[in-house]
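Enquirer: Sequence plus the predicted model coming up.
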Amino acid sequence: MSNCANCGSFACRQGQPEKAPDRCPMHDHEALYKETMAEYQKDEVNNIARHAAIVEAAGYRLWTRLEEIIEFGLRAGVFLSSHLRPGTGKKKVTSIFLI
């Protein structure tokens with residue numbers, strides 16, 4: 001069984017599947033790997049993935065989930081629209097816009 005988190009070869013990140021260890025899923029799922037890498041090249045997907053990783057690293061065990069969401073929105077250029085729930089005085093996010 002593969003364990004990507006403990007691999008250490010970074011062959012997938014470097015786009016060198018030939019340097020991956022024998023147990024690497026890139027060997028058995030090459031088409032899926034190529035499709036996934038192509039998806040990450042799209043600007044919108046790359047922006048979201050990159051900023052999600054940055055926020056996770058910066059706020060790990062420091063920020064609440066709400067703080068992470070707000071920080072992600074600010075860094076990734078996402079605008080959250082909200083309104084007050086009737087009778088509760090609490091806000092509810094109703095829309096997310098990329099800006």
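Expert: On my side now, so go ahead. Bear in mind the structure is a predicted one, so any value in this text is a computation, not a measurement. Numbering: from 1, shown residues only.

Enquirer: Where does pLDDT dip in the chain?
Expert: Residue ranges of the chain with pLDDT under 70: 1-2, 79-99.

Enquirer: 90 - rerun?
Expert: Applying pLDDT under 90 to the chain flags residues 1-34, 36-37, 40, 44-45, 47-48, 65-67, 69-99.

Enquirer: for it, longest helix please?
Expert: Scanning the chain for the helix with the most residues, using DSSP state H, yields helix 43-59.

Enquirer: which residues are in contact with that helix?
Expert: 39-40, 67-68, 71-72, 75-77, 98 (Cβ atoms under 8 Å, 6 or more residues apart in numbering). (Each C-beta comes from the backbone N, C-alpha and C, glycine too.)

Enquirer: now residue 8, what's its secondary structure?
Expert: coil (DSSP: H, G, I helix; E, B strand; the rest coil).

Enquirer: How many residues are close by it?
Expert: Other residues near residue 8 come to 8 when the count uses other Cβ atoms under 10 Å.

Enquirer: How about the contacts made by it?
Expert: Taking Cβ under 8 Å, 6+ apart as the definition, residue 8 has no contacts.

Enquirer: quick one: the residue positioned nearest the centre of the chain from residue 66, how far?
Expert: Nearest to the mean C-alpha position of the chain, by Cα atoms, centre = their mean, lies residue 49 at 3.3 Å. Remark: distance between residue 49 and residue 66 (Cβ to Cβ, to the nearest Å) = 21 Å.

Enquirer: okay, now residue 57: neighbour count?
Expert: 8.
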